[in-house]
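Peer 1: What follows is a predicted protein model with its sequence.
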Amino acid sequence: MATDPVCGMYVDEGSATLTLFRDNRTYYFCASSCRDSFAAPAERVARLKRELALAWPLALVALVATYVPFAWAPYVAAAAATGVQFYPGRSFYRGAYDSLRSRTGNMDTLIAVGTTAAYAYSVAALALPGRLPALYYFDASSLIIALILTGNYLEHLTRHRATGALRRLSELLPTVANRLRDGREERVPVGEVAVGDRLRVRPGERFPVDGVVVEGRSSVDESILTGEPMPRPKAPGDRVLASSVNGEGLVEVEAVATGGDTFLAQVGQLLNEAETSRVPLQRLANRIAAAFVPAILTLGVVAALLWGLVAAAGLTVTVLVFVSVVITACPCAFGIATPAAIVVGTGRAAEAGVLFRGEDALTRAATADIVLTDKTGTLTEGAPELVGLSPAPGTSETELLRLAATVEQGSEHPLARAVVTAAGRRSIALPAPIGVTVEPGRGVAGRVDGRTVRVVSAAVAEAEGADLSGLERARAAMAAAGRSGSVAFADGRAVGLLEFADPVRPTSRAAVDALRAMGIETVMVTGDAEAPARAVASLLGIQKVHAGTTPAGKLALVARYRAEGHSVAFVGDGVNDAPALAAADVGIAIGTGSDVAKEAGQILLVRPEFLGVPRGLKLARRTVAKVRGNLTWALGYNSVLLPIAAGALVPLLGFGVYNVLPITGAIAMALSSTTVVLNSLSLRWVRLP
């Protein structure tokens with residue numbers, strides 16, 4: 001172990017590809033230094049938030065003061081615009097400087113030049129009354145900066161989510177372990193556990209490392225890792241995973257993987273690789289600006305020189321020509337084309353229970369043509385329910401359920417809770433059980449009405465060679481449907497079979513049909529067995545099923561479908577889904593799922609309904625279409641007005657036209673922006689599935 005100079009935490013140097021940091025509370029998975037992984041994204045988001053908190057109030061003050069008919073109002077507007085221009089707006093100057101060093105142009109260059117021209121001319125007109133027309137553009141320069149900073153904030157907030165996913169993943173690990181040495185138990189930091197150490201894990205505790213059970217029996221809840229709701233019975237020789245929760249039995253395990261070698265750490269590594277390997281989205285606005293910026297600056301300079309020097313129009317006209325060209329080209333409508341549509345589209349989506357995390361989520365979701373989805377907790381409810389009762393001859397359904405539910409009252413197993421809940425729905429009165437004993441990983445037993453009642457899993461009953469005559473057809477039907485089951489015994493005689501299933505959510509079929517209507521194929525990708533997966537797929541009309549897939553397998557399927565030319569949306573809710581959620585073109589997480597999955601997804605469904613998927617994808621398509629329409633309008637506006645700003649009307653109207661051209665350009669810019677906003681607002685009335 002060594003101390004990392006950046007973080008001041010302990011470093012587990014045994015992991016070459018994934019560094020494990022430890023403080024006194026939790027673990028953090030980092031692919032690089034803590035500063036790069038955690039501090040920098042958080043600082044950028046916080047800085048932009050502070051700048052927006054200043055930019056918007058000052059921009060609104062400048063807007064009001066520019067048009068208030070009082071002598072002192074222009075000075076108030078100038079003061080407010082100065083605050084915006086040189087504090088929140090300084091990032092655009094840095095971006096413009098960097099682009100000049102690389103001999104290219106981008107949106108920062110156009111924003112810096114346009115807002116500076118509007119601001120500088122306004123200051124000059126205020127300082128030199130009588131020399132220049134009293135035309136002020138303080139509102140335009142301030143609003144452009146505020147609007148575009150809003151877009152930048154959304155972008156950086158989206159990038160910061162990857163760090164959040166890794167933090168959430170780290171919080172699943174316990175910080176201490178109960179190690180056995182020479183027959184004595186000692187509590188030690190998990191970082192000190194080595195392969196081969198023997199650990200004791202009590203009921204309700206999380207396993208600190210991957211291990212093999214060497215003593216004891218229990219059922220283990222691995223749903224946080226696998227997404228599957230059924231606890232798995234564990235006996236000596238069975239593997240257990242770090243962060244899974246021990247059930248009702250006390251077990252001792254031998255550590256077989258620690259630190260970066262555990263299953264949980266490998267999921268973290270896959271998640272990190274998926275995040276860092278993603279190609280950044282190329283901004284359409286920057287691509288246009290790369291050609292647009294030098295063209296506008298050249299046009300402004302040439303037009304100013306042509307009319308100011310060649311035609312001897314004077315310094316005032318020369319300045320006004322350049323300012324008219326730059327202000328006319330200043331990307332007000334261009335700058336709000338994307339944020340306006342995104343704000344309306346994401347607001348409409350939020351009302352429908354769909355949360356988009358930034359512009360990337362929208363643009364990626366708009367292109368999705370195939371949806372890979374987990375089954376448990378996504379298409380289904382994610383918790384077992386009693387769906388069938390098959391009493392043996394001589395026993396009624398009510399009696400079977402009463403006997404089983406009475407002894408199951410003494411167990412906290414999810415299947416036991418399902419049985420008790422089913423009895424409650426039928427209003428069956430349950431007596432108090434006597435002498436209930438829980439058999440970890442096997443079942444439960446107790447006395448009911450003087451009879452010894454035992455409920456065990458069907459697999460345990462068959463392994464014990466129990467006489468199950470009279471239940472053969474029910475067992476065969478249960479196996480064909482891919483369901484799990486328990487057998488109830490009374491005084492050693494089998495009295496019936498109880499069948500369990502994870503029920504399909506009521507709206508899942510409608511969601512699959514809606515996706516099909518949009519031309520989007522749905523594919524099930526689940527860690528569950530083939531039989532139950534096929535059964536659910538058949539109910540929902542899903543043709544393609546990939547069952548028994550691991551987190552790495554899900555990640556490989558995402559890569560395979562992308563290699564085939566598909567734009568992939570992945571829907572999931574478990575830790576095992578996180579790498580695939582991060583690697584897909586767009587990850588859609590269920591809001592009731594694990595925190596890691598929610599952090600890894602770019603889209604979050606607030607309600608646990610698969611119907612949110614077609615709703616979100618439809619809104620994404622419409623929103624991106626509005627963005628493109630807005631950009632087309634903004635560019636069209638520039639194409640029409642720039643020749644006029646450059647002097648196309650001078651031969652007809654003379655140089656006097658430049659006394660009104662700057663303000664006319666600003667008015668036209670405002671009208672263009674209004675059109676963009678109204679076009680974006682039409683997203684409020686999109687009909688959703």
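Peer 2: Done, it's in.
Peer 1: So which residues of the stretch 451-600 of the chain form helices?
Peer 2: 458-463, 472-480, 508-517, 530-540, 551-563, 578-583, 595-600 (DSSP state H, counting those that start in this stretch).
Peer 1: now swap in the stretch 101-250 of the chain and tell me
Peer 2: Using DSSP H, counting those that start in this stretch, helices in the stretch 101-250 of the chain cover 107-127, 138-170, 223-226.
Peer 1: Please name the residues that touch I590.
Peer 2: Neighbouring residues of I590 by Cβ atoms under 8 Å, 6 or more residues apart in numbering: 377-378, 571-573, 597, 605, 608. Bear in mind the C-beta positions are built from the backbone N, C-alpha and C, glycine included.
Peer 1: 10 Å instead, please
Peer 2: 227, 373-374, 377-378, 382, 571-574, 577, 597-598, 601, 604-610, 612-613 (Cβ atoms under 10 Å, 6 or more residues apart in numbering).
Peer 1: hmm, which of those residues are the buried ones?
Peer 2: 227, 373-374, 377-378, 382, 571-574, 577, 597-598, 601, 604-605, 608-610, 612-613 (16 or more other Cβ atoms under 10 Å).
Peer 1: measure N576 to D221 for me?
Peer 2: 14 Å (Cβ to Cβ, to the nearest Å).
Peer 1: What of W633?
Peer 2: Where D221 is concerned, W633 sits at a distance of 55 Å (Cβ to Cβ).
Peer 1: What of Y87?
Peer 2: Noted for Y87: a distance of 52 Å to D221, by Cβ to Cβ.
Peer 1: Mind checking which of those two has more residues around it?
Peer 2: D221 (20 against 15; other Cβ atoms under 10 Å).
Peer 1: tally of neighbours for the nearest residue to that one once chain neighbours are set aside?
Peer 2: Leaving aside its sequence neighbours, D221 sits nearest to V245 (Cβ to Cβ, 6 or more residues apart in numbering; 4.3 Å). For V245, the count of nearby residues is 17 (other Cβ under 10 Å).
Peer 1: My read is that V245 contacts S223, right?
Peer 2: Yes: V245 lies in contact with S223 (Cβ atoms under 10 Å); the separation is 8.5 Å.
Peer 1: where do the contact lists of the two overlap?
Peer 2: Jointly contacting V245 and S223 under the rule Cβ under 10 Å, 6+ apart are P231.
Peer 1: want to throw the helices of the stretch 451-600 of the chain into a markdown table with mean pLDDT and distance to R217?
Peer 2: As requested, those are exported to a markdown table (pLDDT from 0 to 100; distance: least, Cβ to Cβ, whole Å):
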| stretch | mean pLDDT | distance to R217 |
| --- | --- | --- |
| helix 458-463 | 85 | 11 |
| helix 472-480 | 85 | 24 |
| helix 508-517 | 94 | 36 |
| helix 530-540 | 87 | 25 |
| helix 551-563 | 92 | 27 |
| helix 578-583 | 88 | 30 |
| helix 595-600 | 72 | 29 |
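Peer 1: mind checking which of those is nearest I144?
Peer 2: helix 595-600 (33.1 Å; Cβ to Cβ).
Peer 1: Which strand in the chain has the most residues?
Peer 2: Longest strand of the chain, by residue count under DSSP state E: strand 493-501.
Peer 1: in its sheet, what does it sit against?
Peer 2: Using DSSP bridges, strand 493-501 pairs in its sheet with strand 385-391 (antiparallel), strand 484-490 (antiparallel).
Peer 1: Can you tell me which of those is packed in deepest?
Peer 2: The highest average neighbour count among those, using mean count of other Cβ atoms under 10 Å, belongs to strand 484-490 at a mean of 24.
Peer 1: Helix 472-480 and that one, what's the angle between them?
Peer 2: Using axes from the mean of the first three to the mean of the last three Cα atoms, to 10 degrees, the inter-axis angle of strand 484-490 relative to helix 472-480 is 150 degrees.
Peer 1: Output strand 484-490 in CSV with nothing but the alpha carbons.
Peer 2: Extracted as CSV, the C-alpha positions of strand 484-490 are listed here (Å, rounded to 0.1, in the frame of the first residue of the first chain):
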residue,chain,number,x,y,z
SER,A,484,-39.5,-21.2,-10.1
GLY,A,485,-41.5,-23.1,-7.4
SER,A,486,-41.7,-24.3,-3.9
VAL,A,487,-43.2,-27.5,-2.5
ALA,A,488,-45.2,-27.5,0.7
PHE,A,489,-45.2,-30.6,3.0
ALA,A,490,-47.5,-31.4,5.9
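Peer 1: Which stretches in the stretch 151-300 of the chain count as strands?
Peer 2: Assigned by DSSP state E, counting those that start in this stretch, the strands in the stretch 151-300 of the chain fall at 176-181, 184-189, 198-201, 210-215, 218-221, 232-234, 239-240, 245-246, 251-257.
Peer 1: Relative to L362, which of those is closest?
Peer 2: Of these, nearest to L362 by Cβ to Cβ is strand 218-221, at 36.0 Å.
Peer 1: Each with direction, which strands does the closest one pair with?
Peer 2: strand 232-234 (antiparallel), strand 245-246 (antiparallel).
Peer 1: and it, average pLDDT?
Peer 2: The average pLDDT within strand 218-221 is 87.
Peer 1: list the buried ones in that strand?
Peer 2: Buried residues in strand 218-221 (16+ other Cβ under 10 Å): 218-221.
Peer 1: In TSV, list those residues along with distance to A96.
Peer 2: Below are the buried residues of strand 218-221 laid out as TSV (distance: Cβ to Cβ, whole Å):
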residue	distance to A96
S218	63
S219	62
V220	58
D221	55
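Peer 1: Looking at those residues, which one is closest to M478?
Peer 2: After measuring the buried residues of strand 218-221 against M478 - Cβ to Cβ - the closest member comes out as S219, at 19.8 Å.
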